[in-house]
Each structure stands twice: as C-alpha cells, then as structure tokens.
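# starting from these lines, generate the structure:
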Amino acid sequence: MNSLVERWGRTGFAAVTSLIWALPMAAWAGSADLSPIDKTAYPWVALSIGLVMLVVWIVLLTRLGRVPLSSRQRRFDIAQMSPPEKRWTLITLAFVVGAIAWLNGSATVDWAPLITAVKAGKIGPVLLAVFLAAFLVATITGAVISWRKATAAYRHRREEFARG
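Numbers count the residues shown, from 1 in each chain. Okay, the predicted model is just below:
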C-alpha cells in the first residue's frame, strides 16, 4: 500500500482503489436492469459484494492519512495541483463520465426499434441517431483534448517545482 500511495499520491490512490467497489456496484446496476427480463442475473450477489468492498475501501481510506509521503510532485495530488490542472482534470472527468453514461445507456437499450425506424428513413429517429453518435464523438474528443491540456498543466507544474 505504501508504494502505491507513494506513486499515485493520496488522491490518486483513493481514486484507483475506488474501483474495488465501483465495479461490483456497476455489475449490480446492470444485473438489476436485466434480471426481471431474463431471470438469470443475480443482482443481490453483486450488490452484497459491492457493499462489502465499499466498507473495505473506506477502511483503506481511513489508513491513508498515516502513510508517509516523500516531498515530490505527484500527478493526482489535489493539494499540489495548480488551478488550471484542477480545472482540466475536472473537465476530463466530466467528458469521461459522459462517455461512460452513453456506453452504459447503449448497453441496456434495445436498439432494434431505432434501427428499424432509421432504415425506414423516418426523420426523427435519424436525427436522434445522429445526435447520439455526435454526443459520443464529442465526449471522447473532449476527453482527449482536456486530458492533453491537463497533462500540459501537470508538466508545467513539475517544471516549476524542479526550478525551485
């Protein structure tokens, strides 16, 4: 744990380790959506695992403050981030969340009616399909551009630190 915290910083470690409960919770959400339909998913198992792992994660976070850190620049340490770096990182996260929401929504939707309507040339469904495609492209493009800006801001911060 100490080496991971040293590498990622406290904020980065907390974010990366949140996956131990976020993934089971996402599985629970997906299986809760599908369970009434196919009767094969077991949402309560995934929910139970997610809640147990949430408790484990909270215990990890309570111990996080006791881990000693060396004095160096870390990418995802909020206390060290410059305002532009915080802003671009937050913008990146917003675009990534938008792309994940699109993918999650598309995974749980029956696309057959929309595809049939688009093939029939109905203008409303065609516009909806174009909007959905444009939204996905915009979120991915926005995430890439803002990540590059956040990376540039981090490099600038690191260079300022190296200069003294």
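
# any buried residues in stretch 46-66, and which?
Applying a neighbour-count criterion of 16 or more other C-beta atoms under 10 Å, the buried positions in stretch 46-66 are 46, 47, 49, 50, 53, 54, 57, 60. Every C-beta, even on glycine, is put in place using the N, C-alpha and C of the backbone.

# name the next helix or strand downstream of the host helix or strand of residue 118, please.
Mapping residue 118 onto the secondary structure by DSSP states H and E places it in helix 112-119. Read in the C-terminal direction, the helix or strand following helix 112-119 is helix 123-163, with elements assigned using DSSP H and E.

# against which helices or strands is that following helix packed?
Based on contacts counted as 3 or more C-beta pairs under 8 Å, 6 or more residues apart in numbering; DSSP states H and E, the elements that helix 123-163 packs against are helix 83-107, helix 112-119.

# what's the average pLDDT for it?
Looking at helix 123-163 alone, the average pLDDT works out to 94.

# what does stretch 48-60 give?
Averaged over stretch 48-60, pLDDT sits at 83.

# can you show me the CA trace of it as PDB?
What follows is the C-alpha trace of stretch 48-60 in PDB, where atoms were taken according to Å, rounded to 0.1, in the frame of the first residue of the first chain:
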ATOM      1  CA  SER A  48     -23.600  -7.600  -1.500                       C
ATOM      2  CA  ILE A  49     -20.000  -7.800  -2.900                       C
ATOM      3  CA  GLY A  50     -20.100  -4.100  -3.800                       C
ATOM      4  CA  LEU A  51     -21.200  -3.100  -0.300                       C
ATOM      5  CA  VAL A  52     -18.600  -5.300   1.400                       C
ATOM      6  CA  MET A  53     -15.900  -3.800  -0.900                       C
ATOM      7  CA  LEU A  54     -17.200  -0.300  -0.100                       C
ATOM      8  CA  VAL A  55     -16.500  -1.000   3.600                       C
ATOM      9  CA  VAL A  56     -13.000  -2.300   2.700                       C
ATOM     10  CA  TRP A  57     -12.400   0.800   0.700                       C
ATOM     11  CA  ILE A  58     -13.500   3.100   3.500                       C
ATOM     12  CA  VAL A  59     -11.100   1.200   5.900                       C
ATOM     13  CA  LEU A  60      -8.300   1.700   3.300                       C
END
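
# distance from the chain centre to stretch 97-110, please.
From the chain centre to the centre of stretch 97-110 is a distance of 13 Å (C-alpha atoms, centre = their mean, to the nearest Å).
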